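**Student:** have a look at this prediction, sequence included:
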Amino acid sequence: MKKTIESKKFEPTSQTESLQSVILTGNEAAAEGALAAGCDFYAGYPITPSSEIMETLARKLPKRGGVFIQMEDELASFSAVIGASWAGAKAMTATSGPGLSLMMEGIGYAAITETPCVVVDVQRAGPGTGQATRVGSGDILQVRYGSHGDYCPIALSPWSVQEMHDLTIKAFGLAHAYRVPTFIMAEESVGHLRETLVLRREVEPVVRNRDITKPPFGSDLPDGVAPMPVFGDGANLLVTGSTHDEWGFRKVNHPDHHKRLVERINRKVLDHTDELAVMDGRYLEDADVVVLAYGFTGRAALSAVKALRDSGVRVGFLRLVTLWPFPAKAIFELGKNVEKIVVPEMNLGQVAGLVRQNVSCEVISLSQVDGEVIVPATIEKKTREAIA
Amino acid sequence: MKKKWPINVRFAGLGGQGLVTVGAVLAEACAGSGLQVAASQSYGSQARGGMTRADVIISNEAIDFPHVLAPDILLAFAQEAYDKFVEEVSSGGIVLADPYFVTTREQPQVRQLTIDATKTALEKIESKLAANFVMLGALLGLLQLVESKHIDEVLPRLVPDKYLKINRLAFESGYDLGTQLLDKI
């Protein structure tokens, strides 16, 4: 097939990068990434398997002059993060599925108030309390659609300890550039994985446009991002979860205001899907069948694809780093050039369904929800069956 | 055992035996000596009891899939863990079992050695809790993978201050046990 997928990687931008190679868990690496990005506020409630992020920041943030608060629950945690962001902080929290469920009210509030914040969701086997120490990947659709109304968060999916670090850094930049809640959709198997990584010490600081002369909730562009002053900058700031005009005044009966606001907060992300879509494609040039994976399962998928290639099978590999906004156009192009797409994932086919919506070729869902990771042999077997 | 990369190590026992800690020490010490490592674990939600395993892959090249699929070395700290994993050990692999908790049975495809980890910990430190470090010491005495300075570098980060000394002592005792077994592999 023609190569239609351009692989690109997030490279944390830096002017005078100083590198340090260490060994950490994924959760510790995410915390270090937050610190490198300039995170100065964390509010959270501990939950397995994400707690090491909170523990690391509890130790390190106060020493740097940052604020660390353990809140009474996840609703309060996320509300504190929103408040801190409006006070000028680079704010974050971390949680797992049950906590993410509780944060949904706040996530909708952050979406309509266009509040930048970062959430690391270290996914475990759900629904409900499920299996707290076991792995799952069941929050992919929840993070997109969990709060009511229309909005689109940004969500990234790390497959290694290095990416826990790098994508957390990147998330702070994206959250502020697009003024949108930005999620790291980690899994227990990456959060608790211990690997060597390069720590990025001097990352280009996240800059917020704090222009007080322009409206903080409007733009001349239908997909524009308004400047976001901080309380104390001198702007007459009015922040409300009700529908508002470009200056923040409540407009709860006006069709035009609601339409303009809702369309813009979606288009500011969705119209930029191409530039946000990061993918890692390999062996795609001559592939009839492609294994499409994300997160930790990408590690198993690549191992399986390499083994299949070694035995002469023309199989390709595509890993989605950006899950939201979903790279529908790229997936559509992929589907034109291959016969089958195999989608292994630790849920009952959440991303397989999305792929199916965008292609006319056959999509084979390889689901596993037993609280264990998918191993390479399972993907290899399913892919061989698909080819036979 | 023929030394070939990667080496897949599994510590298996019950929650509370400190397996995740020694897995992390092994991984970080190997990383400190320039090897590639990936460490993972599986445990229950209770603080003590319940099957626990800590896996470490050690290699001289980048590791694609970072979980152990078939251990080359199984360190068994409990009968249930031995029973569950002994048949997964790769052909030609090694089992190190603590006879205080584990009775081994015939396994023609692997070499089984007993390490008196708990007994040694009781004699030298008067605490069963350091058996994990005796076992780690025995493993490294046997494998000769890293120098002890690499252990010293990582212990303070992974072990609370008040247990540093006894765990170091337990490690040394285990290391001696391991070197005595060098001719057995």
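**Tutor:** Right, received. Where do you want to start?

**Student:** strands along the stretch 51-200 of chain A, start to end?
**Tutor:** Ranges of strands in the stretch 51-200 of chain A, per DSSP state E, counting those that start in this stretch, are A:67-70, A:91-95, A:117-125, A:131-135, A:154-156, A:181-187, A:194-200.

**Student:** make TSV out of the ones you listed and add distance to chain B.
**Tutor:** From N, CA and C alone the C-beta is placed, and that goes for glycine too. As requested, the strands of the stretch 51-200 of chain A are arranged in TSV below (distance: least, C-beta to the nearest C-beta, whole Å):
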stretch	distance to chain B
strand A:67-70	20
strand A:91-95	16
strand A:117-125	10
strand A:131-135	4
strand A:154-156	19
strand A:181-187	12
strand A:194-200	4
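
**Student:** distance to A:Phe41 and mean neighbour count added to those strands, as a markdown table?
**Tutor:** As requested, the strands of the stretch 51-200 of chain A are exported to a markdown table (distance: least, C-beta to C-beta, whole Å; neighbours: other C-beta atoms under 10 Å in any protein chain shown):
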| stretch | distance to A:Phe41 | mean neighbour count |
| --- | --- | --- |
| strand A:67-70 | 5 | 15 |
| strand A:91-95 | 4 | 29 |
| strand A:117-125 | 9 | 29 |
| strand A:131-135 | 27 | 21 |
| strand A:154-156 | 19 | 24 |
| strand A:181-187 | 15 | 29 |
| strand A:194-200 | 20 | 21 |
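
**Student:** who wins for proximity to A:Leu270 among those strands?
**Tutor:** A:Leu270 lies closest, by C-beta to C-beta, to one member of these: strand A:154-156, at 10.7 Å.

**Student:** give me the residues contacting the closest one.
**Tutor:** A:10, A:140, A:143-144, A:167, A:170-171, A:174-175, A:178, A:180-185, A:269, A:276, A:278, A:321-325 (C-beta atoms under 8 Å, 6 or more residues apart in numbering or on different chains).

**Student:** tell me which strands that strand pairs with, and in which orientation.
**Tutor:** Each strand paired with strand A:154-156, and its direction, by DSSP bridges: strand A:181-187 (parallel), strand A:322-324 (antiparallel).

**Student:** where does the longest one sit relative to the chain's centre, distance-wise?
**Tutor:** Between the mean C-alpha location of strand A:181-187 and the chain-wide mean there is a distance of 4 Å, by C-alpha atoms, centre = their mean, to the nearest Å.

**Student:** strand A:91-95 and that one, what's the angle between them?
**Tutor:** Strand A:181-187 and strand A:91-95 are oriented at 30 degrees to each other (axes from the mean of the first three to the mean of the last three C-alpha atoms, to 10 degrees).

**Student:** quick one, strand A:181-187 and strand A:131-135 angle?
**Tutor:** Using the same axes, to 10 degrees: strand A:181-187 against strand A:131-135 is 80 degrees.

**Student:** for the stretch 51-200 of chain A, what lies in contact range of chain B?
**Tutor:** Residues of the stretch 51-200 of chain A found near chain B (C-beta under 8 Å from any C-beta of the partner chain) are A:Gln131, A:Ala132, A:Thr133, A:Arg134, A:Ser160, A:Ser189, A:His192, A:Leu193, A:Arg194, A:Glu195, A:Thr196.

**Student:** need those residues in JSON lines (columns: pLDDT).
**Tutor:** JSON lines is the format used below for those (pLDDT from 0 to 100):
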{"residue": "A:Gln131", "pLDDT": "94"}
{"residue": "A:Ala132", "pLDDT": "94"}
{"residue": "A:Thr133", "pLDDT": "93"}
{"residue": "A:Arg134", "pLDDT": "95"}
{"residue": "A:Ser160", "pLDDT": "97"}
{"residue": "A:Ser189", "pLDDT": "97"}
{"residue": "A:His192", "pLDDT": "97"}
{"residue": "A:Leu193", "pLDDT": "97"}
{"residue": "A:Arg194", "pLDDT": "96"}
{"residue": "A:Glu195", "pLDDT": "95"}
{"residue": "A:Thr196", "pLDDT": "93"}
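
**Student:** which strand or helix spans A:Val351?
**Tutor:** helix A:350-358 (DSSP states H and E).

**Student:** name the surrounding residues that touch that helix.
**Tutor:** Here helix A:350-358 makes contact (C-beta under 8 Å, 6+ apart) with A:137-138, A:140-141, A:292, A:294, A:320, A:323, A:326, A:328, A:331-332, A:335, A:341, A:343, A:345, A:363-365, A:367.

**Student:** buried residues in it, which are they?
**Tutor:** Within helix A:350-358, the residues that qualify as buried by neighbour count (16 or more other C-beta atoms under 10 Å in any protein chain shown) are A:Gln350, A:Val351, A:Ala352, A:Leu354, A:Val355, A:Arg356, A:Asn358.

**Student:** so what's residue 66 closest to, chain neighbours aside?
**Tutor:** Answering for chain A, as no chain was given. A:Asp40 (4.0 Å; C-beta to C-beta, 6 or more residues apart in numbering or on different chains).

**Student:** please go with chain B instead
**Tutor:** B:Ala38 (3.4 Å).

**Student:** look up phi and psi at that neighbour.
**Tutor:** phi -140, psi 130 (degrees, to the nearest 10).

**Student:** hang on, it packs against B:Leu69?
**Tutor:** No: between B:Ala38 and B:Leu69 there is no contact under C-beta atoms under 8 Å: 12.0 Å.

**Student:** quick one: which of these two has more around it?
**Tutor:** B:Ala38 (27 against 14; other C-beta atoms under 10 Å in any protein chain shown).

**Student:** which ones are touching that one?
**Tutor:** B:Ala38 sits in contact with A:Leu193, A:Arg194, A:Glu195, B:Ala27, B:Val56, B:Ile57, B:Ile63, B:Pro66, B:His67, where contact means C-beta under 8 Å, 6+ apart.

**Student:** doesn't B:Ala39 make contact with the fifth one?
**Tutor:** To tie it back to what came earlier, the one meant is B:Val56. Yes: using C-beta under 8 Å, B:Val56 is in contact with B:Ala39, at 4.7 Å.

**Student:** overlap of the contact sets of the two?
**Tutor:** B:Gly23, B:Leu26, B:Ala27.

**Student:** residues contacting the first one?
**Tutor:** Right, B:Gly23. By C-beta under 8 Å, 6+ apart, B:Gly23 lies in contact with B:Val9, B:Phe11, B:Ala39, B:Gln41, B:Ala54, B:Asp55, B:Val56.

**Student:** same thing with the second one?
**Tutor:** Shown in contact with B:Leu26 (C-beta under 8 Å, 6+ apart): B:Val9, B:Ala39, B:Val56, B:Ile58, B:Leu136, B:Leu139, B:Leu140.

**Student:** and those residues, which of them are buried?
**Tutor:** Of the contacts of B:Leu26, these count as buried by 16+ other C-beta under 10 Å: B:Val9, B:Ala39, B:Val56, B:Ile58, B:Leu136, B:Leu139, B:Leu140.

**Student:** wait, is the third one part of a helix?
**Tutor:** No: according to DSSP: H, G, I helix; E, B strand; the rest coil, the state of B:Val56 is strand, so it is not within a helix.

**Student:** partner residues bridging it?
**Tutor:** Residues in a beta bridge with B:Val56, per DSSP bridges, are B:Val9, B:Ala39.

**Student:** what's the pLDDT at it?
**Tutor:** Per-residue pLDDT puts B:Val56 at 98.
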